[in-house]
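K.L.:
based on what follows, work out the 3D shape:
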Amino acid sequence: EPLHSCIGLLGISAGSLLLAVHFYSSPRAAPLIPSTALGVLLLILSALLAYAGIRRSLGNASLLLSLCLTLSAFWCGYGVILVLAGQGVLAGPGDARDALVPGLAAFTLALLLVAVVGFLCREPVLALVAAAASLAGAHEVALHYSSSLGPSAVACGHLIVCLVGGYFALGRILCLLTKGKVALPGSDLAEKKAQEQSRGSAGGTNPFAAPGLLLNVLSASVFCCRLLGVTHTLFLGHVPWLWAAGTYQIGICVLSYRAMDVLMATAFGFTSILQFAAGYCLLYPAWQPGEPSLPAPFLVVFSILFAVLALFLSLQSPVDGLYLLVFVTYCIALACSPRGFFASGPQGVAVAIFVASALVALIHLYNVRARAKIPTGKAAVKALLARSSLLKLREGPDLHAPYLGYSKYADAEVLAYGCSVLASFALTTPGDPQAPLATVVIPWVVVAGGILQLLGGSVAFSRGKTLESSAFILYAVMWIIWGLTRYGGLCGTARSFHAAVGIVAFMLFNSFVVFCSLFLNMAWFFYSLTFMLIAVSFLLDAIHALPTGYDIAATLLFGLVSFYCFLAALSSSTFEGCCLPMGGPVVQLSGVGAGATKCLHLPARKASSVKRIADILRNGGTCGIPTDTVYVLVAACNRPDAVEKAHRSKRQAQDRPMSLWISSLKQLEPAKHLFTPLLWDFMEAAWPSPISLVIPRGEWVDFLGMKDSAKYVGTPQSVAIRIPDCSVTTHLIDLVGPIVVTSANPTGEADTTHHNQVYAKLGDKVDAVLCGGPSPENIASTVVDCTKIDSGNIGFFRVGIIPKSQVLQILEQVQKK
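P.N.:
Next up, the predicted model:
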């Protein structure tokens with residue numbers, strides 16, 4: 001974490017130094033750094049700042065996250081504008097000023113908010129850097145309207161940022177390299193870490209919400225400046241700000257899923273669509289005369305989605321829910337204005353978005369770091385719903401429990417379904433075939449239906465939803481290709497046959513999705529089936545055989561099914577119980593989906609999960625667990641019924657008996673006199689490790705309490721035993737006692753190397769799976785024959801991860817001892 005802080009501060013210092021040199025040399029005929037070169041360097045530094053802020057935030061919520069992401073987005077848009085100016089694209093009088101001022105004004109305010117919160121929360125370093133950067137931005141705005149100020153004042157502000165950031169970055173680097181022996185005054189890491197721990201972390205607050213809200217300030221600033229007459233027109237120079245805001249909001253959407261905040265992640269996904277659409281509208285006049293038209297029905301549907309999301313978000317945070325109502329008004333204003341983003345009505349609502357975003361961002365910035373939180377109304381809503389017997393909010397550690405095992409991301413199905421609604425209703429406006437780009441359809445279809453649905457599919461895959469993720473990714477690719485082809489004017493008569501062949505291929509893939517959804521639930525069956533109707537309309541359109549009204553009917557039907565799935569996903573993620581059911585499987589087969597309700601999936605990283613698995617084993621259950629090699633199926637030795645159950649569920653072959661695992665040789669101490677000294681010393685030297693020792697069967701087996709089930713373990717002559725080199729597994733054995741182990745797969749199949757495979761192969765036959773992700777090794781343990789070890793000979797039943805030479809070396813050392 002300190003290293004990422006150093007990278008962030010050094011990146012801020014480097015960018016500020018470049019800008020200081022640029023403004024000091026700007027009065028000269030030839031600046032020291034050309035605009036194009038400066039723009040490219042700022043783009044590189046913006047990527048570095050984004051990396052530093054994100055990596056720092058994963059360990060501890062800090063204002064450095066907001067500062068780095070805010071400056072990163074600012075330098076990204078600023079750098080693109082400098083590149084455009086350097087290449088002569090912004091050659092008109094006042095073009096560079098009109099392009100820069102909206103972004104400068106927005107980020108001056110954003111950095112000022114970060115500075116205020118920094119001072120209030122006792123983070124003076126970041127507060128000073130943010131305040132100096134904000135002052136430099138304010139001076140640059142004034143410079144564009146009054147030459148009497150001079151660029152030296154702007155350069156001085158950037159120089160302050162450079163010196164302060166460089167000083168503290170150097171101090172932290174010295175402290176790291178010298179392990180705290182050398183520390184510049186005020187930059188001591190140990191003291192700062194203690195202060196951070198005393199203040200506490202963000203708790204349940206999403207640390208990425210504040211930067212996302214500040215990006216809404218940026219996009220709204222473009223239209224506020226036009227309405228207030230600060231800029232003369234909306235044009236190409238404003239597109240970098242809008243698209244930078246949209247791009248960064250998609251990133252913050254992903255990070256909000258990482259912070260387990262489904263509703264805010266969905267909100268940022270929706271607002272990013274508006275940023276890309278606004279940028280498209282401003283970009284269109286650059287190559288075609290006139291202004292593009294917005295499809296009014298689509299914007300009405302978008303306002304409904306925002307309203308529903310605002311309603312559910314109000315249950316989590318009423319302040320955020322009320323904030324989203326401003327975007328409901330924005331969409332309605334766009335639908336009522338033929339000129340869309342160029343009209344004064346939506347620009348007036350943009351002023352409200354600018355103010356509301358700044359206020360809500362200030363609340364989020366403060367609540368992330370402060371002990372005493374600004375109330376957002378959540379407590380009042382919880383108290384109100386506590387009186388209701390019908391609605392109960394979902395809370396607790398299992399709120400975002402994945403379908404299979406442990407995932408770092410919350411469920412993104414809400415966003416994916418909402419984007420399906422938007423993409424389908426966007427197709428209801430055919431537009432002019434001779435000028436397809438004149439109707440704003442591409443942003444809705446490509447960004448909403450394509451990019452964001454691709455994001456939803458990727459998150460679903462990380463949560464173990466294989467079918468859903470495959471369908472979302474397939475549909476996203478279809479929306480992107482068809483949106484660019486049909487509504488980008490690329491689908492001509494000569495290429496209609498080739499487009500039809502591609503669509504038929506997609507229909508074949510979707511047929512498989514429809515078939516698989518029969519075994520999932522009713523809602524998904526209709527969702528995939530109605531998309532098939534959309535694909536048929538694409539096919540008929542490609543071959544110029546589309547009946548009148550068929551495409552409208554198909555898109556409306558798919559949109560309504562998607563909207564129901566959107567509501568069902570929202571309600572299931574917010575309330576306990578099934579408010580809007582997705583339905584059961586259309587076809588139920590024996591053994592298909594049984595594990596979804598019977599088999600628990602607990603993350604191995606939690607001690608509480610290991611304790612819960614231990615309770616299940618003590619009560620006679622069987623579980624799949626991770627080890628130092630592959631996943632295994634285990635049962636407690638002192639529960640004969642569980643040992644027999646494991647044998648039956650595994651369909652264990654007689655020639656592949658189950659083995660014994662212990663956590664320490666102390667568990668065999670009562671029977672130590674039954675082992676030869678050489679064998680005991682060899683076991684002591686070889687373990688813990690992925691080495692299984694096959695030793696002679698004897699009376700020592702009776703000490704483990706297996707009784708009649710002992711016949712399932714080992715052979716009549718020998719038993720395989722080992723101590724695994726895995727802290728989770730040995731801790732579990734400490735809690736339960738010795739366990740019986742076999743590989744977590746039916747006899748004859750390959751070893752399982754992921755908890756998802758355990759679920760797929762034995763999910764309906766085990767009581768729980770301890771989920772540790774991919775196995776550290778894909779090779780099983782080495783099995784050594786020690787039945788004749790006293791004669792100095794050992795054999796190998798299987799050479800696994802530990803080679804023969806290493807085992808023989810251990811034996812040689814023991815023999816010498």
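K.L.:
correct me if wrong: Leu112 contacts Ser134.
P.N.:
Yes - if you go by Cβ atoms under 8 Å, Leu112 and Ser134 touch, sitting 4.5 Å apart. Using the backbone N, CA and C atoms, a C-beta is placed for each residue, glycine as well.
K.L.:
the two - which one has more neighbours?
P.N.:
Ser134 (22 against 19; other Cβ atoms under 10 Å).
K.L.:
mind checking how far the more buried one is from Ile353?
P.N.:
Distance, Ser134 to Ile353, using Cβ to Cβ, to the nearest Å: 21 Å.
K.L.:
same check on Ile721?
P.N.:
To Ile353, Ile721 is 67 Å away according to Cβ to Cβ.
K.L.:
and what of Thr555?
P.N.:
According to Cβ to Cβ, Thr555 and Ile353 sit 29 Å apart.
K.L.:
what helix or strand is the nearest residue to Asp551 once chain neighbours are set aside located in?
P.N.:
Distance criterion Cβ to Cβ, 6 or more residues apart in numbering; nearest residue to Asp551, sequence neighbours excluded, is Ser537 at 4.2 Å. Assigned by DSSP states H and E, Ser537 falls within helix 522-542.
K.L.:
and what of Ala361?
P.N.:
Ala361 belongs to helix 344-369, assigned by DSSP H and E.
K.L.:
packing partners for that helix?
P.N.:
Counting contacts by 3 or more Cβ pairs under 8 Å, 6 or more residues apart in numbering; DSSP states H and E, helix 344-369 packs against helix 63-86, helix 95-120, helix 209-227, helix 318-336.
K.L.:
which one of those helices lies nearest to Leu811?
P.N.:
helix 63-86 (54.6 Å; Cβ to Cβ).
K.L.:
what mean pLDDT does the closest one get?
P.N.:
Mean per-residue pLDDT for helix 63-86: 92.
K.L.:
just the angle between that helix and helix 209-227, please?
P.N.:
Put simply, helix 63-86 runs at 40 degrees to helix 209-227, going by axes from the mean of the first three to the mean of the last three Cα atoms, to 10 degrees.
K.L.:
buried ones in the helix holding Ser537, by neighbour count?
P.N.:
523-542 (16 or more other Cβ atoms under 10 Å).
K.L.:
which strands and helices lie in contact with it?
P.N.:
Looks like helix 522-542 contacts helix 466-487, helix 496-517, helix 550-574 (3+ Cβ pairs under 8 Å, 6+ apart).
K.L.:
for stretch 227-243, buried residues please.
P.N.:
Applying 16+ other Cβ under 10 Å to stretch 227-243 flags 227, 230-231, 234-243 as buried.
K.L.:
in helices, which of those appear?
P.N.:
Counted as lying in helices by DSSP state H, out of the buried residues of stretch 227-243, are Leu227, Val239, Pro240, Trp241, Leu242, Trp243.
K.L.:
nearest to Val736, of these?
P.N.:
Nearest to Val736 among these, counting by Cβ to Cβ, is Trp243 at 56.5 Å.
K.L.:
now do the residue lying closest to that closest one once chain neighbours are set aside against Ala423, distance only.
P.N.:
Of all residues not flanking Trp243 in the chain, Gly279 sits nearest, at 4.5 Å (Cβ to Cβ, 6+ apart). Note on Gly279: its distance to Ala423, by Cβ to Cβ, is 18 Å.
K.L.:
which of those two has more neighbours?
P.N.:
Each of Gly279 and Ala423 has its neighbours counted (other Cβ under 10 Å); Ala423 has more, 31 against 24.
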